[in-house]
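In: Predicted model and sequence follow; I will ask about them next.
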Amino acid sequence: MTSEAYLLCILGMGLVTYIPRWLPLFCLSDRRLPLWLVEWLTYVPACILSALIFPSIVIDPETGGVDFLQPAFLVAIPTFLFALKTRSLGGTVIVGMALFWLADKFL
(Lines give C-alpha, C1' and ligand atoms only; values in the text may rest on other atoms or scores of the structure.)
Protein backbone atom coordinates (compact mmCIF):
# COMPACT_ATOMS: atom_id res chain seq x y z
CA MET A 1 0.00 0.00 0.00
CA THR A 2 1.20 3.46 -0.77
CA SER A 3 1.29 6.24 1.78
CA GLU A 4 -1.69 7.92 0.08
CA ALA A 5 -3.73 4.74 0.45
CA TYR A 6 -2.80 4.56 4.14
CA LEU A 7 -3.82 8.17 4.60
CA LEU A 8 -7.18 7.58 2.86
CA CYS A 9 -7.72 4.46 4.96
CA ILE A 10 -7.06 6.33 8.21
CA LEU A 11 -9.24 9.24 7.09
CA GLY A 12 -12.05 6.85 6.18
CA MET A 13 -11.81 5.06 9.52
CA GLY A 14 -11.93 8.40 11.29
CA LEU A 15 -15.08 9.42 9.42
CA VAL A 16 -16.75 6.07 10.06
CA THR A 17 -15.99 6.49 13.78
CA TYR A 18 -16.91 10.16 14.01
CA ILE A 19 -20.15 10.31 11.98
CA PRO A 20 -22.23 7.90 14.14
CA ARG A 21 -21.34 9.98 17.19
CA TRP A 22 -21.88 13.35 15.58
CA LEU A 23 -25.12 12.57 13.74
CA PRO A 24 -27.37 11.97 16.80
CA LEU A 25 -25.84 14.95 18.57
CA PHE A 26 -26.52 17.16 15.56
CA CYS A 27 -30.06 15.86 14.95
CA LEU A 28 -31.23 15.68 18.56
CA SER A 29 -29.50 18.63 20.21
CA ASP A 30 -32.40 21.04 19.71
CA ARG A 31 -35.14 18.53 20.53
CA ARG A 32 -36.52 17.48 23.88
CA LEU A 33 -36.63 13.70 24.26
CA PRO A 34 -39.64 12.10 25.93
CA LEU A 35 -39.09 11.07 29.54
CA TRP A 36 -39.78 7.39 28.80
CA LEU A 37 -37.01 7.39 26.18
CA VAL A 38 -34.50 9.06 28.50
CA GLU A 39 -35.31 6.49 31.22
CA TRP A 40 -35.03 3.64 28.73
CA LEU A 41 -31.65 4.90 27.50
CA THR A 42 -30.22 4.75 31.03
CA TYR A 43 -30.38 0.93 30.81
CA VAL A 44 -28.31 0.71 27.63
CA PRO A 45 -24.81 0.74 29.26
CA ALA A 46 -25.74 -2.05 31.70
CA CYS A 47 -27.22 -4.11 28.88
CA ILE A 48 -24.14 -3.72 26.71
CA LEU A 49 -21.82 -4.61 29.59
CA SER A 50 -23.93 -7.68 30.38
CA ALA A 51 -23.93 -8.75 26.75
CA LEU A 52 -20.13 -8.50 26.66
CA ILE A 53 -19.46 -10.26 29.97
CA PHE A 54 -22.08 -13.02 30.12
CA PRO A 55 -20.84 -15.12 27.16
CA SER A 56 -17.27 -15.06 28.46
CA ILE A 57 -18.28 -16.50 31.84
CA VAL A 58 -20.77 -19.07 30.55
CA ILE A 59 -19.26 -20.45 27.33
CA ASP A 60 -16.45 -22.99 27.68
CA PRO A 61 -13.57 -21.84 25.44
CA GLU A 62 -12.41 -25.39 24.73
CA THR A 63 -15.71 -26.89 23.60
CA GLY A 64 -17.73 -23.79 22.71
CA GLY A 65 -20.66 -25.16 24.71
CA VAL A 66 -22.49 -23.69 27.65
CA ASP A 67 -20.92 -24.61 31.00
CA PHE A 68 -22.41 -23.16 34.18
CA LEU A 69 -19.74 -24.80 36.34
CA GLN A 70 -16.86 -22.67 35.10
CA PRO A 71 -14.94 -20.89 37.87
CA ALA A 72 -15.69 -17.49 36.33
CA PHE A 73 -19.45 -18.11 36.48
CA LEU A 74 -19.29 -19.53 40.00
CA VAL A 75 -17.38 -16.43 41.15
CA ALA A 76 -19.73 -14.07 39.31
CA ILE A 77 -22.80 -15.13 41.30
CA PRO A 78 -21.62 -14.15 44.81
CA THR A 79 -19.86 -11.10 43.40
CA PHE A 80 -23.11 -9.96 41.77
CA LEU A 81 -25.05 -10.54 44.99
CA PHE A 82 -22.43 -8.52 46.92
CA ALA A 83 -22.74 -5.71 44.38
CA LEU A 84 -26.53 -5.68 44.68
CA LYS A 85 -26.41 -5.63 48.48
CA THR A 86 -23.67 -3.03 49.01
CA ARG A 87 -23.75 -0.95 45.80
CA SER A 88 -20.00 -0.48 46.29
CA LEU A 89 -17.91 -0.60 43.13
CA GLY A 90 -14.60 -0.82 44.97
CA GLY A 91 -15.85 -3.52 47.32
CA THR A 92 -17.29 -5.49 44.43
CA VAL A 93 -13.99 -5.41 42.58
CA ILE A 94 -12.10 -6.56 45.68
CA VAL A 95 -14.59 -9.34 46.44
CA GLY A 96 -14.58 -10.49 42.82
CA MET A 97 -10.79 -10.54 42.65
CA ALA A 98 -10.50 -12.40 45.98
CA LEU A 99 -13.11 -14.97 44.97
CA PHE A 100 -11.49 -15.45 41.58
CA TRP A 101 -8.12 -15.97 43.26
CA LEU A 102 -9.66 -18.53 45.62
CA ALA A 103 -11.42 -20.30 42.74
CA ASP A 104 -8.20 -20.42 40.76
CA LYS A 105 -6.34 -21.79 43.76
CA PHE A 106 -8.86 -24.44 44.86
CA LEU A 107 -11.00 -25.35 41.83
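Out: Here it is on my side, so go on.

In: so how far is the longest helix that the chain contains off the chain centroid?
Out: Scanning the chain for the longest helix, with DSSP state H as the assignment, gives helix 3-28. Remark: helix 3-28 is offset 23 Å from the chain centroid, using CA atoms, centre = their mean, to the nearest Å.

In: Helices of the protein, residue ranges please.
Out: For the chain, the helices defined by DSSP H cover 3-28, 35-41, 44-58, 71-86, 89-106.

In: Highest mean neighbour count out of the ones you listed?
Out: Of the helices of the chain, the one with the most neighbours on average (mean count of other CB atoms under 10 Å) is helix 71-86, at a mean of 15. Backbone N, C-alpha and C define where each C-beta goes, glycine included.

In: just checking, what packs against that helix?
Out: Packed against helix 71-86 by the contact rule (3 or more CB pairs under 8 Å, 6 or more residues apart in numbering; DSSP states H and E) you find helix 44-58, helix 89-106.
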